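Engineer: the sequence isn't on hand, but the structure is:
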């Protein structure tokens, strides 16, 4: 069912898929246009009569639209159960919750594993390089198609937080509030370096085949697993790794070989192996590239404050974690300083946690409390009950 | 020329090679014995008449014996020019400087690329797993063969510092002083995790061939390069990476592809490519394994102080760097606390630096000053002039 001309809309049990017609291609920052864009999404709850209760949740690098319902591949629960659900900060009984797979992803939205209409084969590296702004532009098209003018809130952690900032820069008039968690307004040299290791691991796998693995019936699983292992270390703090695993062995005594002797080795190998079952290697390349290219200030003459000039009526909540060394608190402070300089309303909480970057996905009562308090207050201001 | 029975000694332009006879195999912690052990080493300066001026320098993971003279493969200067040389803290005009390639290495000492006498082929994974203590035991055999009873000093950074600690635990009576820089008395879960990523990258390379690449005439260069890239990030601080590269591009504008757009990407790729020219993939596996297995307290009933019980007459100098997140200052403090508890003499300096772990190899005046002051004072106590 289509609510907007030029849009085909399918809703199934695992969520919706929206296809934009040839007259509605996605304009990309690279200058390319992506025709036949499809966006896969999930919704939870109902849009209220005055269409004022929509919450868009933006997912992280390896996340997807299944934020509050089981993952169709792994069968695991949604990825943010402590934040999204009945009685939670983001509540399907009060909010109309939308979460879509980013463009470039591999869970149903158009990405490098989609069919290239020019060749009839998977895009592979023929897929255009995308940016965080492109992801957000596609989300705005989805929101349009869903008949939503203004979002009550846009919320995200990590790369999701980058999208939140991009929303505030590009579509501030469509936001009532914005929540940016454990993120940064630009990727640092170290962030880029870690991503480059992951990309090189994938591209070093002979089964990557220059990106054409899908049409050749192979998958660069080993390279993708190494990329995941490397990245996974950056998601945890040293303290969390030490507390969780320390130097504990898998068995009594060393194997005196190269099996996984230490529990942390076994854990990492498992993380790598599980990841390749649910993620596409080329999507990993494209999405990490989008993150590395992200630099919101650079796109506004070098001034982050200028990026938020039109966002002064948006209520912002910025959260960081003390032990997050991927996007440390200093990055969140820069965002808050820029919001202040732009005379926007910003509340900021640095949350004491030793769980590292992934704390935003975990049971962090202070984060839950801050989110709940912020969204409840914003909801009252918005007239939601 | 042999100074000790059962030892064959060859001295060439690039240094010496010592081969131990069949009656002098190296006993390994694993229980195995390594027969026909060869140790490649360099010396600088002259042993004085009372054999009291010998300094053993222990190299780091990817270092070698060429501490103060050009590398035979790369042609680059020795790896510690700011510390070792005429007029430097460790001075061939005053000291008899010895530096040997660790057992398991690939610069002439017996390692996995050496010929297995049982098969006539390179060992590959038939090489026994070695430990830091095994490396030190081999060094002690070398020192014996060189006619040195007591070392004036044993000095090392990173894995070299681990060997220094092991020397103090196993051969305290043979040490006058010991300098441990940017090291730890055990590998943390995060340390192990990063090494495991590197090992998995190597073993994922189809040219690794289960470790038998040498006899098959191939090399797992891509996997080894990824391992090096991943490790290299841990050698630098975030601040150093940001200052050195920031988000600077290679060219004007983005390539909108997967070339190295950012200078930090190009730098990392270069680090990986240069490394494979001079290092052996299996050696990387064995040496990282030795580091991961290192836990000096565990080998002494869980008490690091007990490891140093016999070392109370050794003069210790422990140095750390504020921005070293691979072996943070807290690890050095644990070492100093244990030395204090063992009533050993320890001087400790935490050096303010934003260069990260690799600071020990770089121009750090405070480190140079501390090293010079410590070794000069120890030299006076030892009667060196």
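Structural biologist: Arrived safely, thanks for sending. The structure displayed is predicted, hence computed values, not measured ones.

Engineer: so where's chain A shaky on pLDDT?
Structural biologist: Under the criterion pLDDT under 70, the flagged ranges of chain A are A:1-5, A:13-14.

Engineer: what is the helix ranked longest in it packed up against?
Structural biologist: Among the segments of chain A that qualify as a helix by DSSP state H, the longest is helix A:365-382. With contacts taken as 3 or more C-beta pairs under 8 Å, 6 or more residues apart in numbering or on different chains; DSSP states H and E, helix A:365-382 sits against strand A:151-157, strand A:175-181, strand A:315-321, strand A:345-351. (C-beta placed from N, C-alpha, C; glycine too.)

Engineer: and of these, who's closest to chain B?
Structural biologist: For chain B, the closest of the helices and strands packed on helix A:365-382 is strand A:315-321, at 15.3 Å, according to C-beta to the nearest C-beta.

Engineer: tell me which residues in that closest one are buried?
Structural biologist: Neighbour counts over strand A:315-321 (16 or more other C-beta atoms under 10 Å in any protein chain shown) mark A:315, A:316, A:317, A:318, A:319, A:320, A:321 as buried.

Engineer: can you give me the helices in chain A?
Structural biologist: Going by DSSP H, chain A shows helices at A:132-145, A:159-170, A:189-204, A:213-216, A:221-235, A:238-244, A:263-276, A:281-293, A:304-307, A:329-341, A:365-382.

Engineer: return the most buried member of the helices and strands packed on helix A:365-382.
Structural biologist: Mean neighbour counts were compared across the helices and strands packed on helix A:365-382 using mean count of other C-beta atoms under 10 Å in any protein chain shown; the top stretch is strand A:151-157, at a mean of 28.

Engineer: that strand pairs with which strands?
Structural biologist: Taking DSSP bridges as the criterion, strand A:151-157 sits next to strand A:54-58 (parallel), strand A:175-181 (parallel) in its sheet.

Engineer: neighbouring contacts of that strand?
Structural biologist: Taking C-beta atoms under 8 Å, 6 or more residues apart in numbering or on different chains as the criterion, the residues outside strand A:151-157 that touch it are A:52-60, A:90, A:95, A:143, A:162-164, A:167-168, A:174-183, A:360-361, A:371, A:375, A:378-379, A:382, A:384.

Engineer: and if you look at stretch A:355-365?
Structural biologist: A:79-80, A:82, A:157-158, A:181-182, A:234-237, A:239-240, A:319, A:321, A:323-327, A:351, A:353, A:367.

Engineer: how does it look with 6 Å?
Structural biologist: For stretch A:355-365, the external contacting residues (C-beta atoms under 6 Å, 6 or more residues apart in numbering or on different chains) are A:82, A:157, A:181-182, A:235-237, A:240, A:321, A:323-324, A:326, A:353.

Engineer: could the residues you listed go into CSV alongside distance to residue A:265?
Structural biologist: Rendered in CSV, the data for the contacts of stretch A:355-365 read as follows (distance: C-beta to C-beta, whole Å):
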residue, distance to residue A:265
A:82, 29
A:157, 28
A:181, 30
A:182, 26
A:235, 17
A:236, 14
A:237, 18
A:240, 16
A:321, 26
A:323, 22
A:324, 24
A:326, 21
A:353, 25
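
Engineer: any chance of a ChimeraX selection covering the buried ones in the residues you listed?
Structural biologist: Buried residues within the contacts of stretch A:355-365, by 16+ other C-beta under 10 Å, are selected in ChimeraX with:
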select /A:82,157,181,182,235,236,237,240,321,323,324,326,353
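
Engineer: state the pair within the contacts of stretch A:355-365 that is farthest apart.
Structural biologist: Across the contacts of stretch A:355-365, the two members that end up farthest from each other (C-beta to C-beta) are A:82 and A:326, 20.0 Å apart.

Engineer: who are the contact partners of residue A:282?
Structural biologist: Contacts for residue A:282 were tallied using C-beta under 6 Å, 6+ apart; they are A:112, A:211.

Engineer: at the geometric centre of chain A, which residue do we find?
Structural biologist: In chain A, the centroid-proximal residue (C-alpha atoms, centre = their mean) is residue A:60; its distance is 2.2 Å.

Engineer: ok, it touching residue A:159?
Structural biologist: Yes. With contacts counted by C-beta atoms under 6 Å, residue A:60 reaches residue A:159, the gap being 4.7 Å.

Engineer: tell me the residues of the stretch 251-385 of chain A that contact chain B?
Structural biologist: A:256, A:262, A:264, A:265, A:268 (C-beta under 6 Å from any C-beta of the partner chain).

Engineer: please redo it, this time with the cut-off set to 8 Å
Structural biologist: Taking C-beta under 8 Å from any C-beta of the partner chain as the measure of proximity, the stretch 251-385 of chain A contacts chain B at A:254, A:256-258, A:260-262, A:264-265, A:268-269, A:272, A:285, A:289, A:292-293, A:295, A:298, A:325.

Engineer: burial count for residue A:101?
Structural biologist: Burial measure for residue A:101: 27 neighbouring residues, criterion other C-beta atoms under 10 Å in any protein chain shown.

Engineer: just the one 3 residues further on next, same as before
Structural biologist: When neighbours are defined as other C-beta under 10 Å, residue A:104 has 29 of them.

Engineer: how close does it get to chain B?
Structural biologist: 13 Å (C-beta to the nearest C-beta, to the nearest Å).

Engineer: just residue A:150 next, same as before
Structural biologist: Applying C-beta to the nearest C-beta, the value for residue A:150 to chain B is 33 Å.

Engineer: contacting residues for the nearest residue to that residue once chain neighbours are set aside?
Structural biologist: In space, not counting the residues next to it along the chain, residue A:150 is nearest to residue A:174; the distance is 5.3 Å by C-beta to C-beta, 6 or more residues apart in numbering or on different chains. If a contact means C-beta under 8 Å, 6+ apart, then residue A:174 has A:140, A:143, A:149, A:150, A:151, A:167 as its contacts.

Engineer: the second one contacts residue A:99, doesn't it?
Structural biologist: So that's residue A:143. No. If you go by C-beta atoms under 8 Å, residue A:143 and residue A:99 don't touch, sitting 11.8 Å apart.

Engineer: higher neighbour count, these two?
Structural biologist: residue A:99 (31 against 22).

Engineer: next, count neighbours for residue A:313.
Structural biologist: For residue A:313, the tally of surrounding residues (other C-beta under 10 Å) stands at 12.

Engineer: what sits against the closest residue to it other than its chain neighbours?
Structural biologist: Leaving out its chain neighbours, the residue that sits closest to residue A:313 by C-beta to C-beta, 6+ apart is residue A:172, at 7.3 Å. Applying C-beta under 8 Å, 6+ apart, we find residue A:172 in contact with A:308, A:310, A:311, A:313, A:314.

Engineer: where's residue A:172 relative to residue A:336, distance?
Structural biologist: 17 Å (C-beta to C-beta, to the nearest Å).

Engineer: what does residue A:324 give?
Structural biologist: As defined by C-beta to C-beta, residue A:324 lies at a distance of 15 Å from residue A:336.
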